[in-house]
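> Pasted the sequence and its predicted model underneath.
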Amino acid sequence: MNLLGVSKVNKYFGERLLFENVSFSIEEHDKVGLIGANGSGKTTLFKMILEGESSDGGEIFLSGQAKIGYLEQHINKNSDKTVYDELLTVFNSVLEIEQQMTELTGRIDAEIGDATKNAEMLHVLSERFEALGGYTYKSMAKSALMGMGFLENDFQKPFSTLSGGEKMRVCLCELLLSDANLLFLDEPTNHLDIQSVEWLESFLQGYKGAFIIVSHDRYFLDKVTNKTFEIEHAHLTCYNGNYSAFQKQKTENEKYIANKYEQTIREIKRIEGIIQQQKQWNREKNIKTAESKQKMVDRLKADLVIPQGELEQMRPCFRINRVGGNDVVIANDLSKAFGERILFRNVNFLIRRKEHVFLLGKNGCGKTTLLKLIMQKFSANSGRVHVGANIDIGYFDQTQNMLDGEKTIFDELRDSFPTHTNTEIRNALAGFLFSAEDVFKKINTLSGGERARLMLLKLMLQSANLLLLDEPTNHLDIPSREILEEALAEYDGTIFAISHDRYFIDKLANRIFTMDNQTISSFDGNYSEYIEKNIHEKQIEAESINQKGISFGREEYLQKKQMNAERRKEKNRLVKLEQEIERLEAEIEEVKAELLRPDIASDYLKCAELTAQLDERNKIVESHISEWELLQEHIANS
């Protein structure tokens, strides 16, 4: 069933084209990730669909069967109810039936009215109550709140006293528990810790309706989506598959378009050469030939698809002013509490030079506090944290409070780095996409993404050898995150970072700290290795005990371990085969392109040599595909 149809929609902001000819449809089980750079029009597209914001052409059709749920990026809702009671408003129809059942039961107990009719009515209400989830709605509400990181003590807090992020989490719970069958979620993971994001992933994986999610969380998109819509260069392109599948398809499409463009241009030039030659001979037959060839050129030019250039992107490069000591941060029996609330105690760790350490933990467990202890903005209750010799600290604050909202972008940078010339400042700003009159914007008028870019620029210009990063990707779009990853991967200093962007962590981390139960544990490796270790430990625990709680025994365990190792080898071989097939196919296309060249076509020996290369590569590809199919079948049946 088609829930939503968008056909040839255009949108302008003044003279600026936001997007044009946007067309897509949403079926009842589609799970769509909507991606694109900040400012590309994702939220605007949502508002055109949901709020009837006017378009500049095209049509939007919503099915009568569609029940819409919308989570905005910024929540303005207010309520005088408690957190728990506010969430229960989702079940108003259930609550009304429950109230009617209570009143009817009271009438029966008091022997008021016709007992038979009352009993029949109670039976009807009970069946409706059960069908609407009346016996499970309270447990569902509690489970949703706890999944979003709320403790039972938080349930009775007034909704009006919550922070913006907390209100967003309650509204997300309301939306997920509603009877909507088409959800529009705008950055739903922005205020969630990793545990809450994982809960949301689990919920959405089992969700039976359709949804469109705007998100820059690539790991999250990989887990929950089966389609990807990208807005780029004012066009929306639809891809089947999650974010990783989209990346692969986009690369292949761009490569194909570029190759096709080059081949067509070469063909146009070749035919134009023939036309020029025929015109020089200037006979009637030659003129007709030239006219015929010109029509061919016109058709080729009409069908020519020009490859899109890359979007303008920031250009960070993090350097260090000096090499610090090998021991960068040392914590000895470190404890911190606020009043009676203990965040952590007896924490010990050592961060060494060039390590990229990521600190994971639930919201509110003390991660940001630990960074501020390192910077000596807070004092410890006991123990100490020591920063090593010749260590210069650069700090990225997730609250963005380190910027002066009353200053312009240019003044903020000039005041922070007085030794830099105006030209140097303008050049640095241009490298982070602040150019022309934009540099004179006041900071309090900037978007979250623009402020994040300005803070990263200031961080880069500090040339510190220790970067303390508190959620540096929160307001960045996917292209900016990928550029930041590349820049930090080449950074020669030490990184200690807090992030819930698991893709970002996986790319950069070589060590993971987890903060839980008022202490910190350390793991050497990236995020994927950390997760694999946790899963492996749980598998060992589950495998070591059967349903009666009896150990399987060492022999069975070792056998299982060997089977798992073999399966991993097979999967790795599968990936390598896919990469090899992709490489060979690219080479085959190159050889085919060579054979199309006029100078090659007239050279018999060169043609024979290239044809032999083509045959050899095709045979290898066929062999690889056969091996790939056998491995796929074996893995599927094992």
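Okay, I see it.
> Residue ranges in the protein under the pLDDT threshold?
Applying pLDDT under 70 to the chain picks out residues 74-76, 281-282, 308-311, 538-565, 601-604, 626, 628-629, 632-638.
> So which residues of the stretch 151-300 of the chain form strands?
Counting by DSSP state E, counting those that start in this stretch, the stretch 151-300 of the chain has strands at residues 182-186, 210-214, 227-232, 235-240.
> Would you tell me which of those gets closest to residue 423?
Residue 423 lies closest to strand 227-232 among the strands of the stretch 151-300 of the chain, at 32.4 Å (Cβ to Cβ). Where you see a C-beta, it was placed from the backbone N, CA and C, and this is true even at glycine.
> mind listing what the spatially most central residue of the chain touches?
By Cα atoms, centre = their mean, the chain has its centre lying nearest to residue 217, at 1.8 Å. By Cβ atoms under 8 Å, 6 or more residues apart in numbering, the contact list for residue 217 reads 189, 197, 501-503.
> SS state for residue 404?
coil (DSSP: H, G, I helix; E, B strand; the rest coil).
> Distance of it relative to residue 443?
Distance of residue 404 to residue 443, given as Cβ to Cβ, to the nearest Å: 6 Å.
> again with residue 73
For residue 73, the distance to residue 443 equals 20 Å [Cβ to Cβ].
> who has more neighbours, these two?
Between residue 73 and residue 443, counted using other Cβ atoms under 10 Å, the more crowded position is residue 443 (18 against 15).
> From what I see, that one and residue 412 are in contact.
Yes. If you go by Cβ atoms under 8 Å, residue 443 and residue 412 touch, sitting 6.1 Å apart.
> which neighbours do these two share?
Contacts common to residue 443 and residue 412, judged by Cβ under 8 Å, 6+ apart, are 403-404, 454.
> Any chance of a PyMOL selection covering the buried ones in these?
Buried residues among the shared contacts of residue 443 and residue 412 (16 or more other Cβ atoms under 10 Å), as a PyMOL selection:
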select buried, resi 403+454
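> Residue 529: which of the shared contacts of residue 443 and residue 412 is nearest?
Nearest to residue 529 among those, with distances taken as Cβ to Cβ, is residue 454, at 34.1 Å.
> quick one: that closest one is in a strand?
No. Secondary structure of residue 454, determined by three-state DSSP: helix, with no strand assignment.
> What sits closest to it if chain neighbours are left out?
With sequence-adjacent residues excluded and distances taken as Cβ to Cβ, 6 or more residues apart in numbering, residue 454 is closest to residue 409, at 6.1 Å.
> surely the one you found meets residue 432?
No. Under the criterion of Cβ under 8 Å, residue 409 is not in contact with residue 432, lying 9.5 Å apart.
> anything in contact with each of the two?
Common contact partners of residue 409 and residue 432 (Cβ under 8 Å, 6+ apart): residue 454.
> how about the strands in the stretch 301-450 of the chain?
Here the stretch 301-450 of the chain has its strands, by DSSP E, counting those that start in this stretch, at 327-338, 341-352, 356-360, 382-387, 393-396.
> Could you single out the most deeply buried of the ones you listed?
strand 356-360 (a mean of 23; mean count of other Cβ atoms under 10 Å).
> What distance do you get for residue 291 to residue 314?
The separation that residue 291 has from residue 314, given Cβ to Cβ, amounts to 51 Å.
> typo on my end, it should be residue 294
Taking Cβ to Cβ, one finds residue 294 at 46 Å from residue 314.
> Around residue 238, how many other residues sit close by?
The burial count for residue 238: 13, using other Cβ under 10 Å.
> got it, and residue 434?
Around residue 434 there are 23 residues (other Cβ under 10 Å).
> Identify the residue spatially nearest to it, adjacent ones excluded.
residue 409 (5.5 Å).
> residues contacting that neighbour?
Counting by Cβ under 8 Å, 6+ apart, residue 409 touches 429, 434, 438-441, 443, 446, 454.
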